[in-house]
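[1] Show me how the following folds:
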Amino acid sequence: MRPLPLALLSLLCAAVGCAEARPLPDVVIDDTNVYPESMSATKDGRLFIGSIKGIIFRAKPGSAKAEPWIKPTADNGLLSLLGVLADEKSQTLWTCSAPNPFRNPPAVGVAALVAFDLRTGAKKGSYAFPPPASVCNDITVAHDGTVFASDTPNGRIFELKRGAQSLELFAEDERLKFIDGLVFSGDDTLYVNIVTKGLLLRVDRTPSGGVGAITQLTTSAPLAGPDGFRLIHDRTFLLAEGNGGRIDEVTINGDNADIKVLREGLVAPPKYLPEQFRDLNALSAWMCFSNFLNHLSLDRIEADYANIL
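    Numbering: from 1, shown residues only. The predicted structure follows:
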């Protein structure tokens, strides 16, 4: 069973504006080998937690236990889950489903943005990421209801407009390689982070809705593996630093981002880290290559060479 720190849950609740400002209990996930990657909360205090094993856990308001709510099925096609976002305006729970060759058993398939009903858990839609092999990492929603999702290894941002049946490419840029979290400010400006480089970027949108300038922000302190990114209000955000084990309050003014550490010491370093896992760039490349190999058909290769010969 995996307990989540009280401090982290309190900060998350503050970010989404939970109805009651009261001390929250520690929340224990009622399962083993969960490896939670992302979580989201609603204003009434419901907590939703994704997991590498592909289960979405839910804790009811005030509950000290998160229980399995949505499990992987042939219909929903859930693989390993990264970003999770509760969008109360559309009553949708969005999640990023991604292949994971390191899971036991491996999660093989295509990365997708998947939508569920926030109240019932019923599947509302699934939107596959176009080739090449992708990792759907995190989600944010613009004021007009357009959903944006990040593709980490390929440096892409996809958008899903209201009523659309498939994703459209919004941005692709070398500067977006290893993009992780993304979030809209109170004035509908898009900000993203680059997990391997510790960067915060502003991604402008043109009046027609296309991608505009991409600007690196100057941070008041270095960031170690910026990850989850959520709006508190206006231009103040909550930011998780995965490698640093910190939760920050980030206030953006122009091209500058003021970093205020709210909590630290949330992540204990592993006792042993294999050499090949220490370089995040190499690890990401390894995962992409492994995903490519999972899609190879030896029977098809044999047939193709038979035709050539």
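
[2] pLDDT below threshold where in the stretch 151-300 of the chain?
    267-274, 276-277, 286-300 (pLDDT under 70).

[3] Run through the bridge partners of the closest residue to Asn100 other than its chain neighbours.
    Among residues not flanking Asn100 along the chain, Ser80 sits closest, at 3.8 Å (CB to CB, 6 or more residues apart in numbering). From N, CA and C alone the C-beta is placed, and that goes for glycine too. Beta-bridge partners of Ser80, counted by DSSP bridges, are Ala98.

[4] residues touching Ser80, list them.
    Glu37, Ser51, Ile52, Lys53, Gly54, Ser97, Ala98, Pro99, Asn100, Arg103, Ala107 (CB atoms under 8 Å, 6 or more residues apart in numbering).

[5] what do you get for Leu169?
    Contacts of Leu169 (CB under 8 Å, 6+ apart): Pro130, Arg156, Ile157, Phe158, Glu159.

[6] would a markdown table of those with neighbour count be doable?
    Shown next, in a markdown table, are the contacts of Leu169 (neighbours: other CB atoms under 10 Å):
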| residue | neighbour count |
| --- | --- |
| Pro130 | 15 |
| Arg156 | 22 |
| Ile157 | 21 |
| Phe158 | 22 |
| Glu159 | 18 |
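
[7] Just the closest of those residues to Asp44, please.
    Nearest to Asp44 among the contacts of Leu169, counting by CB to CB, is Glu159 at 28.5 Å.

[8] pretty sure the closest one contacts Gly145?
    No - between Glu159 and Gly145 there is no contact under CB atoms under 8 Å: 10.8 Å.

[9] shared neighbours of the two, anything?
    Common contact partners of Glu159 and Gly145 (CB under 8 Å, 6+ apart): none.

[10] Pro72 versus the residue nearest to Asn100, what's the distance?
    In this view, Ser80 and Pro72 are 9 Å apart by CB to CB, to the nearest Å.

[11] what's the overlap in contacts for these two?
    Counting by CB under 8 Å, 6+ apart, the residues touching both Ser80 and Pro72 are Gly54.

[12] beta partners of the residue lying closest to Lys260 once chain neighbours are set aside?
    Nearest residue to Lys260, sequence neighbours excluded (CB to CB, 6+ apart): Glu249, at 4.4 Å. Taking DSSP bridges as the rule, Glu249 bridges to Leu238, Lys260.

[13] Can you tell me which member of the contacts of Ser80 has the lowest pLDDT score?
    When these are compared by pLDDT, Arg103 scores lowest at 84.

[14] quick one: contacts for it?
    Here Arg103 is in contact with Ile52, Lys53, Ser80 (CB under 8 Å, 6+ apart).

[15] does the second one really touch Pro36, like I thought?
    It refers to Lys53. No - applying CB under 8 Å, one finds Lys53 not in contact with Pro36, separated by 9.8 Å.

[16] Spatially nearest residue to Asp144, not counting backbone neighbours?
    Among residues not flanking Asp144 along the chain, Arg162 sits closest, at 7.3 Å (CB to CB, 6+ apart).

[17] hang on, the one you found packs against Thr146?
    Yes - the criterion here is CB under 8 Å, and Arg162 meets it with Thr146 at 6.7 Å.

[18] Who has more neighbours out of the two?
    Counted by other CB atoms under 10 Å, Arg162 and Thr146 do not tie: Thr146 has more neighbours, with 18 against 10.

[19] For that one, give me the pLDDT.
    We have a pLDDT of 97 for Thr146.
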